[in-house]
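Engineer: sequence plus predicted model, see below.
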Amino acid sequence: MKIQRIEGLIAAPFTPLNQDETLNVSVIPSYYQMLKRNGVNGAFICGSTGEGTSLTFNEKKLVAEAWADAKKGDSAFKVTLFLGGTCLNECKELAIFAKEVGIDAVCLSAPFYFKPANVMVLAKCCEEVASVVPTLPFYYYHIPVLTGVNFPMYDLLKAIGDNIPNFAGIKYTHEDFMDFLSCQNYKNGQYEIFWGRDENMLSALVLGTKGFIGSTFNYAAPLYHDLLSAFEKGDLEKANQMQQLSIDMIRLLGKHGGIGVGKFYMKQIGLDCGEFRLPIQKISSTTAASFIKDVERLKFSSFCSSLD
């Protein structure tokens, strides 16, 4: 099938939660508008940043439907739903639902409890899920740091061959640039290979990457637009500076508690998505205060996304 390629920034949104950790899908329409306003071209929902593995099956459906409704009529903004990977039958059900409500594409990761024994088994998992939505673009999510499955993606592309007509590409969240470039060049660039490490965007740009999926695009899209613009103009010194600023911003996540701190960045731009569910550690008031001071020292307000 012919895939409409997506270039530029694709955000991996946080799933909005209330104080009692129930879903707060009422935030999603304004979330979508904020991303559009800041030049983001799509959303990768219910992924790592979106706490997909901490959501129930029904909650994933509610989130998917809310995003589909929010962007209805906007064919330029593409929403991809991460299905999961552990229970393939559930992934197939969710993929069918995604198509019914108007989601643009679906994505599967490797099963991460009972892991596939080899790349051929992984390809078969992809084939089984993709087959139930033959008219919907299907992507594979490569994130071995979380799944523990780290076959070369070049080998996966070869194993898939022509067995999945709607296979569209890979969300590549790993640091193996040799494998990444081989995937980009496979069959003369037949597939979309999205880069998934915001802190290494400049390195991926050098390899000719056009599409990026990242969590920090939620709250710092202008920073990455400046990086992209500088690179396109050949101003590598400025591009380097923008990438370092991105790294400094991302380091604050690790310093103050990890992925859950991302929702505190969202609060800084005026969009309250609540906090993460367990097992992600809650952020204490002391840590939050320290984080805000670091954010001010970084001059975050000078490059953050705008809510209005």
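Structural biologist: Everything's here; your move.
Engineer: for Lys2, see how far away Lys171 is.
Structural biologist: Distance, Lys171 to Lys2, by CB to CB, to the nearest Å: 20 Å. For every residue, glycine as well, the C-beta is placed using N, CA and C.
Engineer: who's more crowded, those two?
Structural biologist: Neighbour count, other CB atoms under 10 Å: between Lys171 and Lys2, Lys171 has more, with 25 against 5.
Engineer: other SSEs contacting the helix or strand containing Thr287?
Structural biologist: Assigned by DSSP states H and E, Thr287 belongs to helix 285-297. If you count contacts as 3 or more CB pairs under 8 Å, 6 or more residues apart in numbering; DSSP states H and E, helix 285-297 packs onto helix 236-256, helix 262-268.
Engineer: can you check which of those gets nearest to Pro13?
Structural biologist: With CB to CB as the measure, helix 262-268 is the member of the helices and strands packed on helix 285-297 nearest Pro13 (9.4 Å).
Engineer: from His174, how far off is Phe151?
Structural biologist: Phe151 is 11 Å from His174, where distance means CB to CB.
Engineer: try Phe300
Structural biologist: According to CB to CB, Phe300 stands 28 Å off from His174.
Engineer: report pLDDT for the nearest residue to Asp176 once chain neighbours are set aside.
Structural biologist: Leaving aside its chain neighbours, Asp176 sits nearest to Pro152 (7.5 Å; criterion: CB to CB, 6 or more residues apart in numbering). With respect to pLDDT, Pro152 has a value of 98.
Engineer: same question for Gln281.
Structural biologist: On the pLDDT scale, Gln281 gets 88.
Engineer: for the closest residue to it other than its chain neighbours, what are its contacts?
Structural biologist: Closest residue in space to Gln281, ignoring its immediate chain neighbours: Gly257 at 5.6 Å, by CB to CB, 6+ apart. Taking CB atoms under 8 Å, 6 or more residues apart in numbering, we find Gly257 in contact with 281, 283, 287.
Engineer: same question, Glu127
Structural biologist: Neighbouring residues of Glu127 by CB under 8 Å, 6+ apart: 160, 163-164.
Engineer: and if you look at Ser182?
Structural biologist: By CB under 8 Å, 6+ apart, the contact list for Ser182 reads 152, 154.
Engineer: please apply the same query to the one 5 residues further on.
Structural biologist: If a contact means CB under 8 Å, 6+ apart, then Lys187 has Leu157 as its contacts.
Engineer: now with 10 Å?
Structural biologist: Neighbouring residues of Lys187 by CB atoms under 10 Å, 6 or more residues apart in numbering: 157-158.
Engineer: now it: which helix or strand?
Structural biologist: Using DSSP H and E, no helix or strand contains Lys187.
Engineer: how near is it to Leu181?
Structural biologist: From Lys187 across to Leu181, the span is 14 Å (CB to CB).
Engineer: just Ser290 next, same as before
Structural biologist: 40 Å.
Engineer: and for Ala66?
Structural biologist: Taken as CB to CB, the span from Ala66 to Leu181 is 37 Å.
Engineer: which one of the two is surrounded by more residues?
Structural biologist: Neighbour count, other CB under 10 Å: between Ala66 and Leu181, Ala66 has more, with 23 against 17.
Engineer: phi, psi of that one?
Structural biologist: With angles defined as degrees, to the nearest 10, Ala66 sits at phi -60, psi -40.
Engineer: isn't it right up against Ser26?
Structural biologist: Yes: the criterion here is CB atoms under 10 Å, and Ala66 meets it with Ser26 at 8.4 Å.
Engineer: which neighbours do those two share?
Structural biologist: Taking CB under 10 Å, 6+ apart as the criterion, Ala66 and Ser26 both touch Pro16.
Engineer: now the end-to-end length of stretch 46-60.
Structural biologist: End-to-end distance for stretch 46-60: 7 Å, by CA to CA, to the nearest Å.
Engineer: for the remainder of this discussion, apply numbering that starts at 32.
Structural biologist: I'll keep to 32 as the first residue from here, and by that count the last item is stretch 77-91.
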